[in-house]
Every structure is written in structure tokens, then in C-alpha cells.
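>>> coordinates only, no sequence provided:
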């Protein structure tokens, strides 16, 4: 296991496990300047993609990091790539990673802007860190009744991304949209042989803190680690149940048990509301925004 992957897997993740390998490869990039160029190029391509989705007349929502405002009054807020609590080296290197803190600010701006009549969350993400996701899901859920918020899954909406999308007033998927992966994972490394330099790391913890370094190969250590993951998972499931208007028990039994469902199967399971194209989602929200403009015009 590389040092980069060890660092990534040291914390719990609400993400597709295979994506951790990809992020480790990004973290292990050489430091001769190519990473910075990749970041700039990734940012440029991402902006071009977002502009194409929003339309040629769309502009960055005033003060926002990600959100675009269309002339129809729809704020398009992308949830794309791995999700991190804050902007960091990984979001800069990937060019498309999402900062939960910045996403929360964009949503607040969209909520408070008189120019925004509806919000479209454009989701294509494998998930990410669970840190701050509960609060962000609460923020999205609290927008219900204030402005119409629709989460549209263009590709993958896994784990932490589904945690967020399930809080929206509506969740729709493309025919091949992937949703689910409800659960939390951690991969704990344990050095059992000397490394390439002949060194063997040995950790000694204080007498009253044996659970600071639980042994993942022992039953007690694995149970301690799983207890942490289960605590995060319980909140994850509770938030999904709230957003999807069902019970935690049904989420556990019918929402994939950590797996994913595609398109119509996700709708049949109650994980999404309907299958529809991005164009239909945008058109519906544009009509909502137009209705809001008319309503504001006639208010005293």
C-alpha cells in the first residue's frame, strides 16, 4: 500500500471504495509542476462542461464558487467528483473535486438570491468524506418549502453524494444513473514486515487509551473500528430515510445494503423519484422559475 493510500484510508469514507485508489494515484503525482498544470486544465474543462449544461448565456452566480445562474432563473449547482470537507490539494489536483464548505455557501447564495427561482443539483460523484455531510444535507433539506430543489443524477450518485441528493425535494436519474452505496468504509493499515528501508514502525499507546490504535486483525480491534463506522452509518441512514420519506428499516433492507441501483430499479426501490433526461429536468425548473417571477411581480 502506498503512503498516499495509507493516508487516505486512515479516516472513514462515504465513498465507493475503488475510488480511493484513484485519489491515491492523484496524491502520488510527481512534484515537478505537472500537478499544477493538471489542476488548471481540469478546472478549465470542468467549467466548459458546466457552461454547456447551463447554456451559453449562463453566468457564475454572484459570489459563488461553483453555481451558475441561467437566464431562466435556474441555479445549477454541480456536485461532481470526490467530496471533501474543504478545498484542499486533492480538489485542486483533480480539478473537479467538490468542497462541502463551498458547496454549502453556494446553496445559501442560491437560496437568498431573488434572481434564483429554482435550484438544480447536477450530481456525478462517487461520494467522499462524511465530515460535514450531515450538516450540508440538513441545509439542503431545509430549503424545501423555500425554493424548489431537484437533484439530477447524470452519472454516479454514490455514498456521500447520495446522502446529499436524498435531501433534495426531488431526486431524478438518467436511465443509466447509478445511486446508492449507502454505508461507510475504512481500510486500516498495519505494518507487519519491515519496509524497503528496513524500518518497522512500532506504536505504543498510553495505558488508558488502547482504542487509540485498535488492532484491525483482532476481534476487539475490528469491533472498535466497526462501532465508529456504524455510528456514522446510522446518521447517514436516518438522513436518507427523512429525505426519501421512509423508515431507516426500509433503507437498510431495500436501498441496496451498500450496493447500488441503476435508473428504473432505483426508482422502483424508492431511492429516486423518476427517470428523466437532463433537458426535462432543466425545462421543469425553468418553468418553476418563471412562475416564481410572475408571483413576485404581483405581490404587494
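Ah, there it is. Quick caveat: nothing in here was measured; it's all calculated off a predicted structure.
>>> from residue 156, how far off is the residue nearest to residue 232 when sequence neighbours are not counted?
Excluding the flanking residues, the one nearest residue 232 by Cβ to Cβ, 6 or more residues apart in numbering is residue 184, at 4.7 Å. C-betas here are computed from N, CA, C, even on glycine. Distance from residue 184 to residue 156, counting by Cβ to Cβ, to the nearest Å: 17 Å.
>>> try residue 252
22 Å.
>>> neighbour count: those two, which is higher?
residue 156 (23 against 16; other Cβ atoms under 10 Å).
>>> wait, is the more buried one part of a helix?
No - according to DSSP: H, G, I helix; E, B strand; the rest coil, residue 156 belongs to no helix; its state is strand.
>>> and it, how far from residue 270?
Residue 156 is 19 Å from residue 270, by Cβ to Cβ.
>>> if we can go back for a sec, my read: the residue nearest to residue 232 touches residue 236, true?
Yes - shown here, residue 184 and residue 236 form a contact pair, counting by Cβ atoms under 8 Å, at 6.9 Å.
>>> identify the contacts common to these two.
14, 130 (Cβ atoms under 8 Å, 6 or more residues apart in numbering).
>>> what packs against the helix ranked longest in the chain?
For the chain, the longest helix by residue count, based on DSSP state H, is helix 219-243. Other elements packing on helix 219-243 under the criterion 3 or more Cβ pairs under 8 Å, 6 or more residues apart in numbering; DSSP states H and E are helix 133-142, helix 160-165, helix 248-254.
>>> any idea which of the ones you listed is most buried?
Mean neighbours per residue, mean count of other Cβ atoms under 10 Å, is largest over the helices and strands packed on helix 219-243 for helix 160-165, with a mean of 31.
>>> that helix - what's its average pLDDT?
What helix 160-165 shows for mean pLDDT is 97.
>>> quick one: it to chain centroid distance?
Centroid separation for helix 160-165 versus its chain: 5 Å, with Cα atoms, centre = their mean, to the nearest Å.
>>> what's the answer for stretch 115-126, then?
How far stretch 115-126 lies from its chain's middle: 12 Å, per Cα atoms, centre = their mean.
>>> so which bits of it are buried?
By neighbour count on 16 or more other Cβ atoms under 10 Å, the buried set for stretch 115-126 is 116-126.
>>> likewise for stretch 167-184?
Neighbour count says stretch 167-184 has 167-174, 177-184 buried, by 16+ other Cβ under 10 Å.
>>> and of the buried residues of stretch 115-126, the nearest to residue 293?
residue 117 (6.2 Å; Cβ to Cβ).
>>> what about the residue lying closest to that closest one once chain neighbours are set aside, neighbour count?
Take residue 117 and drop its neighbours on the chain: the residue closest to it by Cβ to Cβ, 6+ apart is residue 289, 2.8 Å away. Taking other Cβ under 10 Å as the neighbour definition, residue 289 ends up with a count of 22.
>>> which SS class is residue 289?
Once three-state DSSP is applied, residue 289 turns out helix.
>>> what's it in contact with, if anything?
Here residue 289 is in contact with 72-74, 116-118 (Cβ under 8 Å, 6+ apart).
>>> and of these, the nearest to residue 101?
Closest approach between the contacts of residue 289 and residue 101, by Cβ to Cβ: residue 116, at 20.0 Å.
>>> just checking, residue 179 is part of a strand?
Yes - counting by three-state DSSP, one finds residue 179 located in a strand.
>>> I figured it hits residue 154, correct?
No - at 11.5 Å, residue 179 does not count as touching residue 154 under the criterion of Cβ under 8 Å.
>>> okay, strands next: where are they in the stretch 1-150 of the chain?
Under the criterion DSSP state E, counting those that start in this stretch, strands of the stretch 1-150 of the chain are mapped to 14-15, 59-60, 68-69, 74-80, 83-84, 98-99, 118-125, 127-128, 148-158.
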